[in-house]
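**Student:** Prediction below, plus the sequence it came from.
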Amino acid sequence: MSEEGDAASRYRAPALEKGLDIIELLASSSSSMSLTVIASTLGRSMGEIYRIALALEARGYIRRDQDSDQYALTLKLFELSHENPPTNRLLSVALPLMEKLAASAQQSCHLAVLSGARVLIVAQVDAPRPMHYAVRLGAQFPLAETSSGAVLLAYQPEHHRQALLEAAIASTPDLADGLPERVEAVLATGGERRASLVVTGVTNLTRPVFDHRGSIVAALTIPFLAQTGLSVDADQAERDVATTAVGISAALGWRDPRQATDPQGEAA
């Protein structure tokens, strides 16, 4: 066995690994599961899973339906992520600007971040209209399924981008087939304008959000829904998304390298 293998074996924490396996399984499932199904899916015995599930339930990470005895993930992990200082900073800066965007564009908008090889919606603002389309706060999607995912992928460092691309191809090969071309288009245009792969009639208008280091931290999207009586068309909404994404980035300390100046104040 290699030294790396020896170290991995030496520092394993079986109970923790079982707990994480349960959380990750429930996070990837669209419906709740019984302990029997959880144990079977994970290749574990009921004895291995039972006490771990009770501990996770007691700490509030999963919940059990009293009628069906089936388990589902709670929002505790989502809530914990929001207590993280960088996330708090992002949301405190983004939400006021997103509210202005929704009002000016007359469309809903949402902010997404990467969660592993998936996209997680961390902020959402409804359109000020009686009828609109909106993505649920806390929802997760395969990276290749969304424009947010394509934009978040495009601006990753090369080694991370390749790892995410491989993960997307493994999990959703039918959707990930055109991702490299989408990434090139995003980098060429600064974002993605694309008909939704999920909802007919919706056009995603997506732009990146950067932090003070120039690293991408989120993707801002309007899922544009054309309606009779709208005073804002998709072209204007796309410009509004781009302006708002730049505004959020600037508030996080990002500086557009194209606007860099020399010490005399002249454009570089």
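**Tutor:** Cool, the structure landed. Small disclaimer: the values here were computed from a predicted structure and weren't measured.
**Student:** Let me know the helix or strand that T221 is in.
**Tutor:** Assigned by DSSP states H and E, T221 belongs to strand 216-225.
**Student:** CA-only coordinates of that strand in CSV, if you can.
**Tutor:** Only the C-alpha atoms of strand 216-225 are listed here, as CSV (Å, rounded to 0.1, in the frame of the first residue of the first chain):
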residue,chain,number,x,y,z
ILE,A,216,-15.9,34.2,-9.7
VAL,A,217,-18.1,33.8,-6.6
ALA,A,218,-21.6,33.6,-8.1
ALA,A,219,-23.7,33.9,-11.2
LEU,A,220,-26.6,36.3,-11.5
THR,A,221,-29.5,35.3,-13.7
ILE,A,222,-32.8,36.6,-15.0
PRO,A,223,-35.0,33.7,-16.3
PHE,A,224,-36.7,36.0,-18.8
LEU,A,225,-40.4,35.3,-19.4
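**Student:** Average pLDDT for it, rounded please.
**Tutor:** For strand 216-225, the mean per-residue pLDDT is 96.
**Student:** Following the record's annotation, map out the domains of the chain.
**Tutor:** 3-74, 80-258 (automatic domain parsing).
**Student:** In a markdown table, list those along with mean neighbour count.
**Tutor:** From N, CA and C alone the C-beta is placed, and that goes for glycine too. Below are the domains of the chain laid out as a markdown table (neighbours: other CB atoms under 10 Å):
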| stretch | mean neighbour count |
| --- | --- |
| domain 3-74 | 14 |
| domain 80-258 | 18 |
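**Student:** comparing the ones you listed, which gets the lowest mean pLDDT score?
**Tutor:** domain 3-74 (a mean of 83).
**Student:** Give me the distance from that domain to the chain's centre.
**Tutor:** 23 Å (CA atoms, centre = their mean, to the nearest Å).
**Student:** How about stretch 187-194?
**Tutor:** On CA atoms, centre = their mean, the centre of stretch 187-194 falls 18 Å from the chain's centre.
**Student:** list the contacts for Y50?
**Tutor:** L35 (CB atoms under 8 Å, 6 or more residues apart in numbering).
**Student:** how does it look with 10 Å?
**Tutor:** Counting by CB atoms under 10 Å, 6 or more residues apart in numbering, Y50 makes contact with L35, I38, A39, R44.
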